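>>> Just the structure for this:
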Amino acid sequence: MGETENLSQSGILLRLPTDALVPGAPIRVTLRLHRRSPLTLTGRVVWVRPHPDLWGWAVGIQLGEHLSEEMVIEIADEEYPPWGAPR
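Next up, the predicted model:
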């Protein structure tokens, strides 16, 4: 269990409590979204390092297949609505 800090068409930055993952390892990540069904993505761990600003570890994941730009925008808008928008 961790937190998604950044999502792009080709990758994810996760914050995790452990450094148990190793670069090159295959990984499956399930994003639990507020207004849609969970989204499961596969990819590879690219790097693991202590998080520069917060507790835990920052983990860079390269996705196995690119998400569409529309999908990334839709997820961002649902999870982090513009200021003043109801959640």
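>>> Show me the shaky parts of this protein.
79-87 (pLDDT under 70).
>>> Which helix or which strand is home to Arg15?
Taking DSSP states H and E as the criterion, Arg15 maps to strand 11-16.
>>> quick one, phi psi at Ile75?
phi -60, psi -40 (degrees, to the nearest 10).
>>> mind listing what's buried in stretch 65-73?
By 16 or more other CB atoms under 10 Å, the buried positions in stretch 65-73 come out as Leu67. (C-beta placed from N, C-alpha, C; glycine too.)
>>> re the thing from before, what's next to the strand holding Arg15, contact-wise?
With contact meaning CB atoms under 8 Å, 6 or more residues apart in numbering, strand 11-16 is reached by 1-7, 29, 41, 43, 46, 51, 54, 56-63.
>>> Please repeat the previous calculation with a cut-off of 10 Å.
Strand 11-16 is contacted from outside by 1-7, 21, 27, 29, 31, 41, 43-48, 51, 53-63, 66-67, using CB atoms under 10 Å, 6 or more residues apart in numbering.
>>> what does stretch 48-65 give?
Under CB under 10 Å, 6+ apart, the answer for stretch 48-65 is 2-23, 25-29, 41-47.
>>> Can I get that stretch as PDB, trimmed to CA atoms?
Taking C-alpha atoms only, stretch 48-65 is exported to PDB below (Å, rounded to 0.1, in the frame of the first residue of the first chain):
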ATOM      1  CA  VAL A  48      13.900   3.200  -5.800                       C
ATOM      2  CA  ARG A  49      15.300   5.900  -3.500                       C
ATOM      3  CA  PRO A  50      14.500   7.600  -0.200                       C
ATOM      4  CA  HIS A  51      11.700  10.200  -0.700                       C
ATOM      5  CA  PRO A  52      13.300  13.600  -0.800                       C
ATOM      6  CA  ASP A  53      10.600  15.500   1.000                       C
ATOM      7  CA  LEU A  54       8.400  13.000   2.900                       C
ATOM      8  CA  TRP A  55       8.500   9.700   4.800                       C
ATOM      9  CA  GLY A  56       9.200   6.500   3.000                       C
ATOM     10  CA  TRP A  57      10.600   5.700  -0.400                       C
ATOM     11  CA  ALA A  58      10.000   7.100  -3.900                       C
ATOM     12  CA  VAL A  59       9.600   4.400  -6.600                       C
ATOM     13  CA  GLY A  60       9.600   5.100 -10.300                       C
ATOM     14  CA  ILE A  61       7.500   2.800 -12.400                       C
ATOM     15  CA  GLN A  62       7.600   2.500 -16.200                       C
ATOM     16  CA  LEU A  63       4.200   1.300 -17.500                       C
ATOM     17  CA  GLY A  64       4.000  -1.700 -19.800                       C
ATOM     18  CA  GLU A  65       1.600   0.200 -22.100                       C
END
